[in-house]
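S.K.: Need coordinates for the following:
(2 chains)
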Amino acid sequence: MNALGIIFSNIHDNNVPELTMNRTIGAIPFAGRYRLIDFTLSSMVNSGITHVGCVTKRNYRSLIDHVGSGKEWDLARKNGGFVLLPPFGEKDSDTLYSTRLEALKTVLGFINRCTETYIVMSDTNSVYNIDFNKMLKYHIDSQAAVTLLYAQKDMKDVSGTNNVILKVDANGVVKELSVDPKVSGKVNIYGNICILRKDLLVSLVSDAIAHGKRHFIKDTIAKNLNAMKVVGYKHTGYFEEISSLQRFYNVNLALLDKKTRDSLFGVAEVYTKIKDSAPTEYGVNAVVNNSLISDGCIIEGEVYNSIIFRGVKVSRGAVVKNCILMKNTSVGDYANLTSVITDKNVVIRDRKVLAGCDELPFYLKKDLTV
Amino acid sequence: MAIKKECVAMLLAGGQGSRLYALTSKVAKPAVTFGGKYKIIDFPLSNCVNSDLDTVGVLTQYQPLLLNDYIGNGQSWDLDRSFGGVHILSPYQAKKGSDWFLGTANAIYQNIAFIKQYNPDYVLILSGDHIYKMNYAAMLSAHKQNNADCTIAAIEVPTEEASRFGILNTNPDGSIYEFEEKPANPKSNLASMGIYIFTAEKLYKYLEEDALKKDTSNDFGKDILPAMLNQGERMFAYKFEGYWKDVGTIDSLFDANMDLLGDNPKFDLKSDWRIHSRNPIAPPHYVGETGVVRNSIVSLGGEIYGKVENSVLSDHVTVKKGAVVKNSVLFKGVVIGENSVIENAILDEGVVVGKNCKVGGGAQPKRKISVIGRDYVLPDKGVVEPGEIVEDKD
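M.R.: Numbers count the residues shown, from 1 in each chain, chains lettered A, B, ... in the order given. Modelled structure (predicted):
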């Protein structure tokens, strides 16, 4: 596929402040053993994209740790491969970019040097498994200047800010783009994934910056709907945005449904960092029901309707219900957790009882001991 | 000073493993699955890396395709190095003719040129059919401290089993005065583990001498070690204490898998001495509302709706509703249909068991392990008797 991937790892961090305290949104753990960026990278790689630039801004240490050289995605290459694009602080200036448009401006040099004709841009706040070849074909067949991917969602499932709503006509041409409009019911929500030619992106960005513009969608795409053909590409497969802690909780637990799980993982393989954990050990009295259990765990207690990440220990007599336990969480003997999200390395002491509820899960931050 | 490696490891992985029957019909023994997500060869390779040995020659011969594919460039064990790393060494055609590897010593002899590239002081010889965690660096220190020409790793075995092994008879300082290959009346219970460290020059000398002999089986245990002892070389036993299991038979492979289970397993895969492997690409496994998993280990990507007890499940295993898997080892991708019962069995990769089948059974007078070979499809209501081995004929 003759396309360069550009990934934005920080945009939307503010939507999930709890989980992005120590990491970018792209590094948020998901589904027992993944990080959000895995889905973007895997989709790109499975579509034949072999050159991916990742625009970062802050808090990207855990992202670097996770992606490394990119070898798990086959992106450790002599030509192309995974390229981390940290912020480029200009001389005599203390400020880093604050919008997508400014971020793009700082990486124009990188983009200009790339030989690919097309660019696939994606944020890392969403979970999907998409064949970008189909989207590129659609882009070419419809002779569009810009193709925006969208999914149909009910507004009650949409949270966070900077949501872009599309209005498309019968031919798929985008007629209106609005950011955070007051609407309800079913909407076409922009997936923060688009395809356009490289030369067009370069000229749109240079032009907008020259005119003192700041917002990519509002100032370069929405303003030009009459001047160039912008089409919407409707994605009907799995697509979920992690736009709040509550969404994070719901979207994870929804994977306990086989159909939902297959619609995400059954499409193409999803790659992630390898930890060489041993397989999970179940004790003699283990009870596990309707749960996803990753590698390297020790399950001696009871687990119901939960997502268990790598290296978690559930000790004897402990009961874990409707929980998401991230990597290396340790649950003590006879502890009782209901609707709890633990971040990495949380330790729950013996016989502790902690409970949130489905509408408001109880979040324990990284490295906490209770 | 020329660049060099202090020690080069040579891993003998050419064995057919005929006593594993159907499990090695299509793969070499070192490529047989163990402990859910591992292959047997992961253990010596991980031991090498964990012991800071980064140059390993893997000698293959029998059914090397899957093994070569599995090892690849060695990345999974951190053995993709620009100088050193893992190298597959197959029999090759030379100017003076070509030979299959005739015996263990001959296999090394044919690859002396590979070893000499690294100009090592020591050569470690390993075999690819044992399950254990061992620090070869500690063994190498002992070798150096003893100023030895050859050090043989040894483990105490039950006296009644000693006649199945090569037995080392040693002086109090650990030096070996006698070597007996499978003796009828063993004098000691110190068995050779088939792990040797040679001082490189001595190894070259004895391999070259052995190659010129007519009446030799080109074997380390039968020829090289006795020859060295006869010539009065300094040979020492290095006593290993820990879990070590030869998994050359169906029963021993089965038992070694069972040794991973329980609250205090005999062999613990979880420890700082990490066993590296080529990891499956799969989401976490799922245990459904009707699923029961007890005293078992389970790898990624599986879907469990039936009952699993005292068993070892590799990645992508499906156990459907009403099925019971007891005391069994299921390799990658196995599917167990509704209401089928599997007991005391090993099912190789890709086996599909239909509905209402019965595979194996409980302890009759004596426990017998049933085996189903790779990709075999057992139709609904199919029966595999205890101790029976079934596989596709091709």
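
S.K.: mean confidence for stretch B:357-367?
M.R.: Stretch B:357-367 carries an average pLDDT of 86.

S.K.: which outside residues touch it?
M.R.: Residues outside stretch B:357-367 that contact it (CB atoms under 8 Å, 6 or more residues apart in numbering or on different chains): B:328, B:337, B:340-345, B:347, B:353, B:368-370, B:372, B:378, B:380-387. Heads up, the C-betas are built off the backbone N, CA and C, glycines and all.

S.K.: quick one: buried residues of it?
M.R.: B:Cys357, B:Lys358, B:Val359, B:Gly360, B:Gly361, B:Arg367 (16 or more other CB atoms under 10 Å in any protein chain shown).

S.K.: what separates A:Glu299 from A:Lys313, distance-wise?
M.R.: Careful, residue A:299 is Ile; it's not Glu. As judged by CB to CB, to the nearest Å, A:Ile299 and A:Lys313 stand 8 Å apart.

S.K.: For the residue of the stretch 101-250 of chain B found nearest chain A, which residues are in contact?
M.R.: At 12.1 Å from chain A, B:Lys133 is the closest residue in the stretch 101-250 of chain B, using CB to the nearest CB. Neighbouring residues of B:Lys133 by CB under 8 Å, 6+ apart: B:Phe43, B:Ser46, B:Asn47, B:Asn50, B:Gly242, B:Tyr243, B:Ser271, B:Trp273, B:Ile275.

S.K.: still on that earlier bit, so which of A:Ile299 and A:Lys313 has more stuff around it?
M.R.: A:Ile299 (30 against 21; other CB atoms under 10 Å in any protein chain shown).

S.K.: who touches the nearest residue to that one once chain neighbours are set aside in this structure?
M.R.: Counting by CB to CB, 6 or more residues apart in numbering or on different chains, A:Ile299 lies nearest to A:Ala286, which is 4.7 Å off, once chain neighbours are set aside. By CB under 8 Å, 6+ apart, the contact set of A:Ala286 is A:Ile299, A:Glu300, A:Gly301, A:Glu302, A:Val303, B:Val293, B:Arg294, B:Asn295.

S.K.: Could I get these in TSV, plus columns for secondary structure, distance to A:Ile274 and pLDDT?
M.R.: Shown next, in TSV, are those (DSSP: H, G, I helix; E, B strand; the rest coil; distance: CB to CB, whole Å; pLDDT from 0 to 100):
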residue	secondary structure	distance to A:Ile274	pLDDT
A:Ile299	strand	22	97
A:Glu300	coil	26	97
A:Gly301	coil	28	97
A:Glu302	strand	30	98
A:Val303	strand	24	98
B:Val293	strand	24	97
B:Arg294	strand	28	97
B:Asn295	coil	27	97
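
S.K.: Kindly write the ChimeraX command that selects the buried subset of those.
M.R.: Provided next is the ChimeraX selection string for whichever of these are buried by 16+ other CB under 10 Å:
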select /A:299,300,301,302,303 /B:293,294,295
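
S.K.: between the contacts of A:Ala286, which is nearest B:Glu303?
M.R.: Closest approach between the contacts of A:Ala286 and B:Glu303, by CB to CB: B:Val293, at 11.7 Å.

S.K.: ok, the closest one touching A:Ser291?
M.R.: No - under the criterion of CB atoms under 8 Å, B:Val293 makes no contact with A:Ser291, lying 10.3 Å away.

S.K.: intersection of neighbour lists for those two?
M.R.: Here B:Val293 and A:Ser291 share the contacting residues B:Val287, scored by CB under 8 Å, 6+ apart.

S.K.: these two touch, right, B:Asn50 and B:Ala138?
M.R.: No - with contact defined as CB under 8 Å, B:Asn50 does not reach B:Ala138; the gap is 11.2 Å.

S.K.: between these two, which one's more packed in?
M.R.: Looking at B:Asn50 and B:Ala138 with other CB under 10 Å, you find the greater number of neighbours at B:Asn50, namely 20 against 12.

S.K.: And the lowest mean pLDDT element among the helices and strands of chain B?
M.R.: Scoring the helices and strands of chain B by mean pLDDT, DSSP states H and E places strand B:97-98 at the bottom, with a mean of 66.

S.K.: pLDDT score for the most centrally placed residue in chain B?
M.R.: Centroid-nearest residue in chain B: B:Asp129, 2.5 Å away (criterion: CA atoms, centre = their mean). On pLDDT, B:Asp129 comes in at 87.
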